[in-house]
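[1] Need a 3D model of the following:
(one chain, ligands or ions: 1)
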Amino acid sequence: MSNDAAVIGAGPNGLAAAITLARAGRSVVVYERAETVGGSARSSELTLPGYLHDVCSAAHPMAVAGEFFNSMPLHEHGLEWIRPEFPVAHLLPEQDAVIQHTDLEETAREVNDLAYAAELRPFLDRFSDLLRNGTAPPGLPENPVLMARFGLRAMIPATTLARLLFKTERGQALFAGHACHSCLPLSQSPSAAIGLMLQLAAHAVNFPMPKGGAGRITTAMASYLESLGGRIECGVDIGHINQVDAEQVFFCTSPRDMVRIAGDLLPSNYVSRLSKFKRGPGVFKVDYALKEPIPWSDPRVARAGTVHLAGTIEQLAASEATVAQGGHTDAPFVLLTQPTQFDTTRAPEGGHIAWAYVHVPNGSTLDQTQALEAQIERYAPGFGDVVLQRHTMNCAQMEAYNPNYVGGDVNGGANTLDQLFTRPIAALSPYCTPNPRIFLCSASVPPGGGVHGLGGFNAVRAAGIV
Ligand SMILES: Cc1cc2nc3c(=O)[nH]c(=O)nc-3n(C[C@H](O)[C@H](O)[C@H](O)COP(=O)(O)OP(=O)(O)OC[C@H]3O[C@@H](n4cnc5c(N)ncnc54)[C@H](O)[C@@H]3O)c2cc1C
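    Residues are numbered from 1 along each chain as shown. Model (predicted):
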C-alpha cells in the first residue's frame, strides 16, 4: 500500500480525520466524488452570478467554539469568521421579535424574565467544558458533576424543560426555536439537550459565518491538510474499497454507503445491524437572491445573522410533531440566515442573499416554497417583491447533491436518544467496525451533525493513532 490511510469524502469530518492523521505523521489521501472539496460546507452561485450561497451549512457555532477547530491555524489558510451583531432573532406573531444577544442579562430583559440569566449562567461559565464533554466519544465524562447537572435538565423533553426553566412565552419560544434544530418532536428527548447546547453556544460565541461563505471553512481545511503533506483527489467516486490504496480507510459517508463500498469485508450481522440505523426528517431548502434586504416588520431582525420563524412554543411543537408523523405543515418552523447583512462579499453591490429551510418527512419531494414564504411574509410583508431569483432543493435533490443525506436527512441520522451516543449502532466504539482496517468518521457517528470535525477527530483517536 502506498498510503498509510485514506479518507473517503472531503466534508468537514473527512478533512478533520485526514488532518489528524497527517499531524500524526501518517501519509494520507482523501478521495472526494465531487469536483471540489467541502461536502456540506460549500458555497456556490446557486441563483445569479455574483450571489454566493451556502449550499448546506450556514451558521457555525460548534466550529468556532470547538477545541479541535481552534487547534488548526485556518486563518492562515483564508478563513475569517464574521460575528453578526445579534446571533439569533426569534419571531413571534403580533409582538416584537425576541432578540438573543450574546449577553445573558440583555437577553433576560428581552424575554422579560430575569431568571433567564440565572438559569443559564452556571452552564455558560463552563461552556467549553460542557462542549468538550458533550462532544467527546461515548464514555465516562471528564467533568461528571457538570454533566450530571446538565443531563438532569437536558434529558427532559424540550416542551417540559421550557416551562420549568423559562417563565415567559418569549423565553420559552426562544429556547424552543433552538430545540427545533434537533429535528425531533419537541416532546421527545433529547430535543432539549440539542436546544440548550445551541442556545448556550449563541451566548458563548455567537452564530458566526465565514467571510465569503461556508465553503471557506473546508477550502481552508484542505489547504492546511496539503500544507501538512496530505493529498486530495477530487472527482473520484469510490464504488468499491478495492479502489482505495491505503492500509486504513476512514469513511466520511453514510453507513449505507460504507456497506455498499466495503460490505464484502464486513460481517453480515454487523451489516444487518447497520441497516436498522434510523434516519431523521429531511429538509426543503430555498436560497434567494434579493434586490434589497428582507423588509422585516421589526427592524432589529435585520441585525441578526440567524432567524427562527414560526412563533410560540406551542406552534413550534405542533409543526415539528406533524413532520415527525410524516406530514407537511402550512406553518412550518423556518430557519433563515441573512449573511449579506454582515458580509458584502457575497452579492453584487446593493444585492443580498438569504438561506432558508423547513423540515419535511424523510424523502419528501413536495415543493414547500409557498409554506416557507408565507412564514417569511408574515413577519416581513413585501418579501416577495424583493426576490430576484430563488433556487430550491427537495430531499431527493439534497441526496443527489450529497449521498450522505439519505432522504434529505441533514444530521446524518435521527437524533433519537437511543442513537445519540450509539450511532450508527451500539458497540464498544461507534467509530470502529469489526474489520480493523475500516472506520466510520462522518456525521453518522457521535457527536452527529454539524460542522465541528469531531466525527473525524474522534475516529482517528478510536483507531489508536492519537
Ligand atoms: C441543508 C443543510 C444545512 C445545514 N446547516 C448547518 C449549519 O448551519 N451549521 C452546521 O454546523 N451544520 C449544518 N449542517 C450539517 C453539516 O453540514 C453536516 O453535518 C456536516 O457537513 C457533516 O460533515 P461530514 O464531513 O460528516 O459530511 P459531508 O459534509 O456530508 O461530506 C461528505 C463528503 O463525502 C463525499 N462522498 C460521499 N460518498 C463518497 C464516495 N463514495 N466517494 C467519494 N466521496 C464521497 C461527499 O461528496 C461529500 O463531499 C447542514 C446540513 C445541510 C445539508
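
[2] residues touching the closest residue to F166 other than its chain neighbours, list them.
    The shortest distance from F166 to any residue other than its chain neighbours is 4.8 Å, reached at Q172 (C-beta to C-beta, 6 or more residues apart in numbering). Where you see a C-beta, it was placed from the backbone N, CA and C, and this is true even at glycine. Applying C-beta atoms under 8 Å, 6 or more residues apart in numbering, we find Q172 in contact with 162-163, 166, 312-313.

[3] Do any residues in stretch 135-142 lie close to the ligand?
    No: Stretch 135-142 lies out of reach of the ligand by C-beta under 6 Å from any ligand atom, never closer than 12.0 Å.

[4] Can I have the buried ones of the contacts of Q172 as a PyMOL selection?
    In PyMOL syntax, the buried subset of the contacts of Q172 is picked out as below (16 or more other C-beta atoms under 10 Å):
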select buried, resi 162+166+313
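
[5] in the chain, which ranges drop under the pLDDT threshold?
    Scanning the chain for pLDDT under 70 picks out no residues.

[6] and the longest helix for it?
    Longest helix of the chain, by residue count under DSSP state H: helix 191-205.

[7] quick one: it to chain centroid distance?
    13 Å (C-alpha atoms, centre = their mean, to the nearest Å).

[8] packing partners for the following helix or strand past that helix?
    Next helix or strand after helix 191-205 toward the C-terminus (DSSP states H and E): strand 209-210. With contacts taken as 3 or more C-beta pairs under 8 Å, 6 or more residues apart in numbering; DSSP states H and E, strand 209-210 sits against strand 81-82.

[9] wait, does the next helix or strand after the strand it packs on contact the ligand?
    Per DSSP H and E, the first helix or strand lying C-terminal to strand 81-82 is strand 86-91. No: judged by C-beta under 6 Å from any ligand atom, strand 86-91 and the ligand are separated, with a smallest distance of 12.0 Å.

[10] Please identify the buried residues of the host helix or strand of Q375?
    Here Q375 is covered by helix 369-379, with elements defined by DSSP H and E. Judged by neighbour count using 16+ other C-beta under 10 Å, the buried positions of helix 369-379 are 371-373, 375-376, 378-379.

[11] In contact with the closest residue in space to T365 that isn't next to it in sequence, which residues are there?
    In this structure, T365 finds its nearest non-sequential neighbour in N394, 4.8 Å apart by C-beta to C-beta, 6+ apart. Neighbouring residues of N394 by C-beta under 8 Å, 6+ apart: 282, 284, 360, 364-368, 408.

[12] Intersect the residues you listed with the contacts of the ligand.
    Answer for the contacts of N394 near the ligand: none qualify (C-beta under 6 Å from any ligand atom).

[13] JSON lines please, covering the residues you listed and showing distance to P446.
    Below are these laid out as JSON lines (distance: C-beta to C-beta, whole Å):
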{"residue": "G282", "distance to P446": "22"}
{"residue": "F284", "distance to P446": "27"}
{"residue": "V360", "distance to P446": "25"}
{"residue": "S364", "distance to P446": "27"}
{"residue": "T365", "distance to P446": "30"}
{"residue": "L366", "distance to P446": "32"}
{"residue": "D367", "distance to P446": "34"}
{"residue": "Q368", "distance to P446": "30"}
{"residue": "G408", "distance to P446": "22"}
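
[14] ok, R260 - contacts?
    So R260 contacts G239 (C-beta under 8 Å, 6+ apart).

[15] please redo it, this time with the cut-off set to 10 Å
    238-240, 253-254, 403 (C-beta atoms under 10 Å, 6 or more residues apart in numbering).

[16] In strands, which of these fall?
    Cross-referencing those against strands under DSSP state E gives no overlap.

[17] okay, those residues in JSON lines with distance to the ligand and neighbour count next?
    Formatted as JSON lines, the contacts of R260 follow (distance: C-beta to the nearest ligand atom, whole Å; neighbours: other C-beta atoms under 10 Å):
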{"residue": "I238", "distance to the ligand": "4", "neighbour count": "22"}
{"residue": "G239", "distance to the ligand": "7", "neighbour count": "11"}
{"residue": "H240", "distance to the ligand": "9", "neighbour count": "11"}
{"residue": "T253", "distance to the ligand": "4", "neighbour count": "26"}
{"residue": "S254", "distance to the ligand": "8", "neighbour count": "27"}
{"residue": "P403", "distance to the ligand": "5", "neighbour count": "16"}
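
[18] And those residues, which two are furthest apart?
    Within the contacts of R260, H240 and S254 form the most distant pair, 16.2 Å apart (C-beta to C-beta).

[19] can you pull the contacts of V205?
    Applying C-beta under 10 Å, 6+ apart, we find V205 in contact with 60-66, 81, 83, 87, 102, 127-128, 131.

[20] Apply 7 Å and report the result again.
    Neighbouring residues of V205 by C-beta atoms under 7 Å, 6 or more residues apart in numbering: 61, 64-65.

[21] Likewise for E67?
    Contacts of E67 by C-beta under 7 Å, 6+ apart are R132.

[22] Repeat the analysis, applying 10 Å as the threshold.
    Shown in contact with E67 (C-beta under 10 Å, 6+ apart): 128, 131-132, 135, 452, 454, 457.

[23] re the thing from before, helices - which of the contacts of Q172 land there?
    Using DSSP H, the members of the contacts of Q172 that fall in helices are 162-163, 313.

[24] for those residues, which one is nearest Y51?
    Distances from Y51 to the ones in helices among the contacts of Q172, taken by C-beta to C-beta, are shortest for I313, at 34.7 Å.

[25] hang on, isn't the closest one packed against L165?
    No: I313 is beyond contact range of L165, at 11.8 Å (criterion: C-beta atoms under 10 Å).

[26] Could you name every residue contacting both of the two?
    In contact with both I313 and L165: 171-172, 175, using C-beta under 10 Å, 6+ apart.

[27] which of the residues you listed lies closest to the ligand?
    Closest approach to the ligand among the shared contacts of I313 and L165 (C-beta to the nearest ligand atom): F175, at 18.4 Å.

[28] what residues are up against the closest residue to that closest one other than its chain neighbours?
    What sits nearest to F175 in space, not counting adjacent residues and going by C-beta to C-beta, 6+ apart, is A162, at 5.0 Å. Contact analysis of A162 by C-beta under 10 Å, 6+ apart lists 156, 169, 171-176, 179, 186, 192, 195, 313, 316-317.
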